[in-house]
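# sequence unknown, structure follows:
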């Protein structure tokens, strides 16, 4: 049986861990609230852009495909987090990325991986998977328009130059603090929208074909920004849940250790009493 | 009171303006264009630069846009911009220096350089930033 002193030290250590996890949970909760707000604020843009791009893209579907002779390659943008302690968040994303890459290979497409977030980049470096590019240490905010524009412009250049014939993004879609779902979304080539009203009801200046590059750019930027927002909210949600259960585990562990400590103390008192009684008996005898 | 129509300026980080205006002026690929009430359904691109809203009673409101799209549908106008800022927040002097730097970089680049398009956009935006005070003072 562990000594009383060792158990006391153990309890103190678990308590300080509990304080840390509780604080991290609170921080994650407040960041989650902010991320959810940003997600909500982005919605009107997304809706309006979808309406405009649907009517334009439907009127010039020939401008959407990959250039002829494009390489049989697929560009994957993977959105992970910079920091850990968020449960299975990054592991789930990495697994989906590996599955998507395997699927691309089986279809004869060479996968090219672009990783956002330190956790994902570190994993693929350990696995010696060559990366097409990475963006790490995105503190304090992951979902910034600047990062989205940067990544979108790389993706569009690769697509237009014929370096890839497909491009997509893998991110964790946010359902609730308890549930995040790794998602693969194919962005390029854009599928012509079905049943869109078409451009007939609009006057388009200068022409649909000339506006397509602008629309595509906005579309990819918005899609990547959306993926970053969802990823950010999911990360904080996952961390909040993980830290909540860690705090609960600590509470349980402290209760168990306290019980053990009381038992050890009782045993020690009994032992001391026995010694005293034994000594008294010996003197009297 | 002149007739008005609804105008919304939307960016990915939120709705910056939503209200009634008398006229909207912005720069498109074919030059400056204006939208008045009862405009036909219309889609065009917006070049990096200033968008001016005429609010009525001699009041104007300007925003600096980093380029985007404009749509008029059923008499209401929506401008979509990746980034937009109110002119008060713009650092004109810094932008002028940036415009010069970008211009020099562009001069050494080939038209086919993948970064050419980005740099050209950045230049247009920096120029608009540098000129914004002038644009605002100009009589509307």
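The structure has been received and is ready for your questions. Please read all numbers here as calculations on a predicted model, not as lab measurements. Residues are numbered from 1 along each chain as shown, chains lettered A, B, ... in the order given.
# In chain A, where's the longest helix?
helix A:208-284 (DSSP state H).
# contacting residues around the closest residue to chain B within the stretch 1-150 of chain A?
Of all residues in the stretch 1-150 of chain A, residue A:41 sits closest to chain B, with a separation of 4.0 Å (Cβ to the nearest Cβ). Just so you know, the C-beta spots here come from the backbone N, C-alpha and C atoms, and that holds for glycine as well. Neighbour list for residue A:41: B:12, B:13, B:14, B:15 [criterion: Cβ atoms under 8 Å, 6 or more residues apart in numbering or on different chains].
# Which secondary structure elements does the host helix or strand of residue A:58 sit against?
Using DSSP states H and E, residue A:58 maps to helix A:43-59. Judged by 3 or more Cβ pairs under 8 Å, 6 or more residues apart in numbering or on different chains; DSSP states H and E, helix A:43-59 is in contact with helix A:208-284, strand B:5-11, strand B:42-46, strand B:68-73, strand B:76-81.
# angle of the helix or strand that it is followed by against helix A:208-284?
Sequence-wise, the next helix or strand downstream of helix A:43-59 (DSSP H and E) is strand A:73-79. Angle of strand A:73-79 versus helix A:208-284, following axes from the mean of the first three to the mean of the last three Cα atoms, to 10 degrees, is 50 degrees.
# one step back: of the helices and strands packed on helix A:43-59, which is nearest residue B:53?
Among the helices and strands packed on helix A:43-59, the nearest to residue B:53 by Cβ to Cβ is strand B:5-11 (6.3 Å).
# what does the closest one rub up against?
Residues from elsewhere that reach strand B:5-11 (Cβ under 8 Å, 6+ apart): A:44-45, A:48, A:145, B:15-21, B:24, B:35-39, B:51, B:53, B:63, B:75-84.
# Of these, grab the buried ones for ChimeraX.
Command for ChimeraX that selects the buried part of the contacts of strand B:5-11, burial taken from 16 or more other Cβ atoms under 10 Å in any protein chain shown:
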select /A:44,45,48,145 /B:16,17,21,24,35,39,51,53,63,77,78,79,80,81,82,83,84
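# Could you look up the SS state of residue B:102?
Under DSSP: H, G, I helix; E, B strand; the rest coil, the three-state class of residue B:102 is helix.
# With adjacent residues omitted, what lies nearest to it?
Sequence neighbours aside, residue B:123 is the residue nearest to residue B:102 in space, at 4.4 Å (criterion: Cβ to Cβ, 6 or more residues apart in numbering or on different chains).
# show me the contacts for the one you found.
B:99, B:102, B:103, B:106.
# The second one contacts residue B:129, correct?
The one in question is residue B:102. No - contact criterion Cβ atoms under 8 Å: residue B:102 and residue B:129 do not qualify, at 11.3 Å.
# Give me the more crowded residue out of these two.
Under the neighbour definition other Cβ atoms under 10 Å in any protein chain shown, residue B:102 and residue B:129 were set side by side, and residue B:129 has more, 25 against 20.
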